[in-house]
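> I need the structure of the sequence given here:
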Amino acid sequence: MSNPVNLKRVTLTYGPDDDPHMHELFEGVLYDRSYFFYLENGVLCLRHVRKVEQPDHPHLYVDGESGGLQLAKNVQREIMEVVTELIERLRSKDGLAFLLDELLWLHGRSHIELNLVKNKG
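Numbers count the residues shown, from 1 in each chain. Have a look, this model is predicted:
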């Protein structure tokens, strides 16, 4: 399978949470130099990341403090295939279609707070 969306396999180091010496490593795929997709127990997640500038670790990234998104549950396919398909599908949608088709119909969600209206100054 070709890689038309230019994905690259990388590792994210995340933490520390409670213990200052405890970090977690996640293997996943990088899109557009700073968007990291990874699978954890069948859950597909997306985070913003920053590259670690260490010559010895060219594929290591750290959390970009974005908060992250859960994109899907019960994923049982190979991550490169899933992310490629997802990006291609989302690229073909416009913003209004995504808002109406995806965000409005999330099951079991509470209100989502977006800030889409910009004030003119």
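
> how much space separates residue 22 from residue 14?
Distance of residue 22 to residue 14, computed by Cβ to Cβ, to the nearest Å: 10 Å. C-betas here are computed from N, CA, C, even on glycine.

> host element of the nearest residue to residue 5 once chain neighbours are set aside?
Spatially, and ignoring its direct neighbours in sequence, residue 5 is nearest to residue 87 (4.6 Å; Cβ to Cβ, 6 or more residues apart in numbering). Using DSSP states H and E, residue 87 maps to helix 79-91.

> and the residue nearest to residue 5, how far from residue 44?
Applying Cβ to Cβ to residue 87 and residue 44 gives a distance of 12 Å.

> who has more neighbours, those two?
Neighbour totals were compared for residue 87 and residue 44, and residue 44 leads with 21 against 18 (other Cβ atoms under 10 Å).

> which parts of the helix or strand where that one lies are buried?
Per DSSP H and E, residue 44 falls inside strand 43-51. Under the neighbour-count criterion of 16 or more other Cβ atoms under 10 Å, strand 43-51 has 44, 45, 46, 47, 49, 51 buried.

> distance from the worst-scoring helix or strand of the chain on mean pLDDT to the middle of the chain?
Least confident helix or strand, the chain: strand 60-63 with a mean of 86, by mean pLDDT, DSSP states H and E. Relative to its chain's centre, strand 60-63 lies at 13 Å (Cα atoms, centre = their mean, to the nearest Å).

> likewise for stretch 62-73?
Worked out by Cα atoms, centre = their mean, stretch 62-73 lies 5 Å from the chain centre.

> just the endpoints, please. Distance across that stretch?
24 Å (Cα to Cα, to the nearest Å).

> before we move on, what about stretch 39-59?
For stretch 39-59, the end-to-end distance is 17 Å (Cα to Cα).
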